[in-house]
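1. dropping a prediction and its sequence here:
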Amino acid sequence: MAKIKVTLPDGSVREHESGVTIMDVAKDISSGLARVVVGARVDGETKGLMEELNEDVKLELLKFDDEDGQEVFRHTSAHMLAQAVKRLFPDVKLAIGPSIKDGFYYDFDTEHRFTPEDLEKIEKEMKKIAKEKLELERFELPRDEAIEYLKENGEEYKVELVQDLPEDEVISFYKQGDFTDLCRGPHLPTTKKVKAIKLTSIAGAYWRGDEKRPMLQRIYGTSFEKKKDLDEYLERLEEAKKRDHRKLGKELGLFTMHGEGPGFPFFHAKGMVLWNTLENFWKEEHTKRGYDQVKTPIILNEQLWHQSGHWDHYKENMYFTNIDDSDFAIKPMNCPGAMLIYKSQMYSYRDFPIKMAELGLVHRHELAGALHGLMRVRSFTQDDAHIFMLPDQIKDELVKVIDLADHMYNVFGFKYHIELSTKPEKAMGTDEQWEMATNALREALEEKNIDYIVNEGDGAFYGPKIDFHLEDSIGRTWQCATIQLDFQMPERFDLTYVGQDNEKHRPVMIHRTILGSMERFMGVLIEHYAGKFPVWLSPVQVSILPISDKFNDYGYKVAEKLKEKGVRVEVDTRSEKIGYKIREAQLNKNPYMLIVGEKEENEVTVSVRDREDGDMGAMDVDKFVAKVAKEIEEKK
């Protein structure tokens, strides 16, 4: 039998007979390794352990700790969920069941309404399936036979999936015991590894995300190799529930969502204080760095969106209207407006870089099922900027944007990692332009000595991009800042400048956001701080709590001193006991509470309570005012 060479990540090469399984290669390396591997990357493509190798390959064995390893593990978990549901509810029809970040789900069509009690039964059945150690066997069928097989089993959703596959697509199935599912794979060799399972929730989901198609029931779950890891994850989930920005937003009087405007947030007075504080910080930092603020219209003629390329690449996410018998679109992005501002005058090479910043309101059509508080909305304010520059300024300007993002995130206490996204399948421009743009982004990151992950094929349709993923206080990541280098828009809008040679040349541009959107960043901040904002951000920075009505006047005098220094303050003059007032201020998560009574009035002091540290004792009024003013100024 022919020999093949298997090259491992460390560069070592092993010889095996053609047809060897990946599991046998793992066993050959060590039996201990074979016990912990869950899948493999073969020449960069994720495969199951029972796949055969028939030619020379580069092989990377995956453990559960690897992201692709978790995907294989949880994809198998999704099949176990479907098998358990089929056993308990035989009439159910199957839709899709992928692995997702931190877990998996499966969509079902059934007249039965799943309940939390059902989840317990299904989970128990899944654990039984794990104990049965069922082998996952892959087989293929010709297209017609696959359709016939699925029709016989009443799986109409699967039939549609097969019918929509390209003619030359291999139709594969995976069988485990009494259960078979249409699936591309890969999977674990057996169900025995999936022991630590938790089904977490039930939700509705339209078939194929289409509101006109049937509403299915989606069961979410997660799975781990070890119960300890599952327990830790569930604890983090509980902590995340307590921090849910939708719950805290309502409790703290920041924002609400209403059925009269699905996906359109309503900001209350305290929410607007937080918004304006963020906006002022953003404006200050941009002014320092030479940005000019602009504002462009929300509604622009449809022809503009054809010119920009959004019509071909983005129209399904746009809203449209008709004005004076002409078609218009509500802007989903700010960049075409910035192009028109640029074109309104002629520039010389001496004018660059030109930095236009815009807090621009955009609208995007999101499916109802995807809406999620402030994190996924239909209207939001992007903290946009468009930087027009000469080709030899690209790297310097990219570095400056990276520095700005780094500075602003440090103020909020965020750590982050960076991803570089390259040319997508559907893109404008030549390969040469894309390569030049991608290399410029790489060089800027390397000059800053920043580690980054390459996200192949995930760039914008007009250019590659750098994305910043923030890590919050409980370890979750949020994608916020994005920096996109664009050679296409200047071309499409025929943007020019007069060079040193008195000839017309084409500028290069950067699209970038730092916060991402004001709405989403506020949501992230609410969850990051669990509503306990640092003093400079808190809608109410100081609560003054008079012990009784006769000390209200003194309370107002203290409040005036604080207001003179720009401190946001409330005086609680309700005829309630002081213990009740303290509890209320604590529930409102106000950073400081000042208790005032006869002793404080006579000595011109305040009794200070800190939100975290409790009673801090008496303090001279002027000293306290200076302390708070300094904390606000320094953005502690």
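-> Now that the structure is in, tell me what you want to look at.

2. every contact and neighbour count from this point should use C-alpha atoms.
-> Fine.

3. which parts of the stretch 501-636 of the chain are strands?
-> In the stretch 501-636 of the chain, the segments counted as strands under DSSP state E, counting those that start in this stretch are 504-505, 508-513, 542-546, 569-571, 592-596, 605-610, 614-620.

4. ranking those by burial, who's on top?
-> Greatest average neighbour count among the strands of the stretch 501-636 of the chain goes to strand 542-546 (a mean of 26), per mean count of other Cα atoms under 10 Å.

5. by how many degrees do that strand and strand 605-610 diverge?
-> 130 degrees (axes from the mean of the first three to the mean of the last three Cα atoms, to 10 degrees).

6. in its sheet, what does strand 542-546 sit against?
-> strand 569-571 (parallel), strand 592-596 (parallel) (DSSP bridges).

7. can you pull out the residues in contact with the longest helix along the chain?
-> Ordering each helix of the chain by length in residues (DSSP state H) puts helix 67-88 first. For helix 67-88, the external contacting residues (Cα atoms under 8 Å, 6 or more residues apart in numbering) are 38-40, 46, 48, 62-64, 92, 94, 97-100, 103-106, 122-123, 125-126, 129, 179, 181, 185-188, 191, 194, 222-223.

8. again, only using 7 Å
-> For helix 67-88, the external contacting residues (Cα atoms under 7 Å, 6 or more residues apart in numbering) are 38-39, 62-64, 92, 97-99, 103-106, 122, 125-126, 129, 179, 186-188, 194, 223.

9. from these, which land in strands?
-> Among the contacts of helix 67-88, the members found in strands (DSSP state E) are 39, 62, 99, 103-106, 179, 223.

10. which ChimeraX command selects the buried ones in those?
-> Remark: buried members of the ones in strands among the contacts of helix 67-88, expressed as a ChimeraX selection using 16 or more other Cα atoms under 10 Å:
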select :39,62,99,103,104,105,106,179,223
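
11. closest to residue 624 among the ones in strands among the contacts of helix 67-88?
-> Lowest distance from residue 624 to those (Cα to Cα) belongs to residue 103, with 48.8 Å.

12. check contacts around the closest one.
-> 74, 221-223.

13. what's opposite it in the beta bridge?
-> Here residue 103 sits in beta bridges with residue 100, going by DSSP bridges.

14. against residue 234, how distant is it?
-> Here the criterion is Cα to Cα, to the nearest Å. By it, residue 103 lies 12 Å from residue 234.

15. again with residue 311
-> Taking Cα to Cα, one finds residue 311 at 43 Å from residue 234.

16. any idea how far residue 60 lies from residue 45?
-> 10 Å.

17. domains in this protein, by residue range?
-> Taking automatic domain parsing as the reference, the chain has its domains at 3-63, 68-242, 268-294+348-529, 542-634.

18. identify whichever of these lies nearest to residue 324.
-> Residue 324 lies closest, by Cα to Cα, to one member of these: domain 268-294+348-529, at 21.6 Å.

19. more neighbours: which of residue 60 and residue 45?
-> A side-by-side neighbour count of residue 60 and residue 45, using other Cα atoms under 10 Å, places residue 60 first with 21 against 10.

20. that one contacts residue 10, doesn't it?
-> No: using Cα atoms under 7 Å, residue 60 makes no contact with residue 10, being 9.5 Å away.

21. what's the following helix or strand after the strand or helix carrying residue 146?
-> Under the criterion of DSSP states H and E, residue 146 resides in helix 143-152. Using DSSP H and E, the next helix or strand after helix 143-152 towards the C-terminus is helix 156-163.

22. packing partners for that next one?
-> helix 143-152 (3 or more Cα pairs under 7 Å, 6 or more residues apart in numbering; DSSP states H and E).

23. give me that answer again for 8 Å
-> Packing partners of helix 156-163 (3 or more Cα pairs under 8 Å, 6 or more residues apart in numbering; DSSP states H and E): strand 93-94, helix 143-152.

24. which neighbours does the following helix or strand past it have in its sheet, and in what orientation?
-> Counting by DSSP H and E, the element after helix 156-163 in chain order, helix or strand, is strand 172-176. Applying DSSP bridges, strand 172-176 is found paired with strand 137-140 (antiparallel), strand 179-182 (antiparallel).

25. let me know the next secondary structure element after the worst-scoring helix or strand of the chain on mean pLDDT.
-> Ranking every helix and strand in the chain by mean pLDDT, DSSP states H and E puts helix 310-314 at the bottom, with a mean of 81. Once helix 310-314 ends, the next helix or strand along the chain (criterion: DSSP H and E) is strand 319-323.

26. good, wrapping up.
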